[in-house]
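Q: let's see this in three dimensions:
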Amino acid sequence: MSGFKRADRVADLIKIEIADILLKQVRDPRIGVLTITGVKVSDDLRSARVFFVEFGKNECGDEVKEGLKKASGFLRRELGRRLQLRYAPELFFSYDPSFAYGERIEELIAEIHEKEQPE
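A: Numbers count the residues shown, from 1 in each chain. Predicted coordinates for the structure are as follows:
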């Protein structure tokens, strides 16, 4: 028996499928290029929180959030077709600030290294 919960396995499948759908089928110019960083699914598989970052940006604009909100019905319908689940989970999108945080830490480390360099 596997040590992973079913919700975790379904979350991985949802992450892969949403990334594919956004890349190939969603044509909303507000969305642009997104990276799906993670998915958290409730234990009853009825809702999923999808975490994303916008490629090349440290912040997420309101137009991206609005575009994802508008596309959530289409995404849910496509997930229902692709995944063999009794219910397609309701999708909630959240910006993932961890990439901007990591980039800021790298900048600070680079600054420290520059200051330590003898001239």
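
Q: just checking: what are the partner strands of the host helix or strand of residue 93?
A: Element membership of residue 93, judged by DSSP states H and E, is strand 90-95. Strand 90-95 pairs in its sheet with strand 47-54 (parallel), by DSSP bridges.

Q: which neighbouring elements make contact with the helix or strand following the partner strand?
A: Remark: after strand 47-54, the chain's next helix or strand is helix 62-82, criterion DSSP H and E. For helix 62-82, the elements it packs on are helix 6-24, strand 90-95, judged by 3 or more CB pairs under 8 Å, 6 or more residues apart in numbering; DSSP states H and E. C-beta here means a position set from N, CA and C on the backbone, and glycine is covered the same way.

Q: buried set for helix 62-82?
A: Along helix 62-82, these residues count as buried under the neighbour rule (16 or more other CB atoms under 10 Å): 64-65, 67-68, 71, 75-76, 78-79, 82.

Q: how about low-confidence regions in this protein?
A: Low-confidence segments of the chain (pLDDT under 70): 1-3, 118-119.

Q: sorry, back to before: reformat the helices and strands packed on helix 62-82 as TSV; add mean neighbour count.
A: Formatted as TSV, the helices and strands packed on helix 62-82 follow (neighbours: other CB atoms under 10 Å):
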stretch	mean neighbour count
helix 6-24	16
strand 90-95	17
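
Q: need the ones you listed in CSV (columns: distance to residue 46).
A: Formatted as CSV, the helices and strands packed on helix 62-82 follow (distance: least, CB to CB, whole Å):
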stretch, distance to residue 46
helix 6-24, 10
strand 90-95, 7
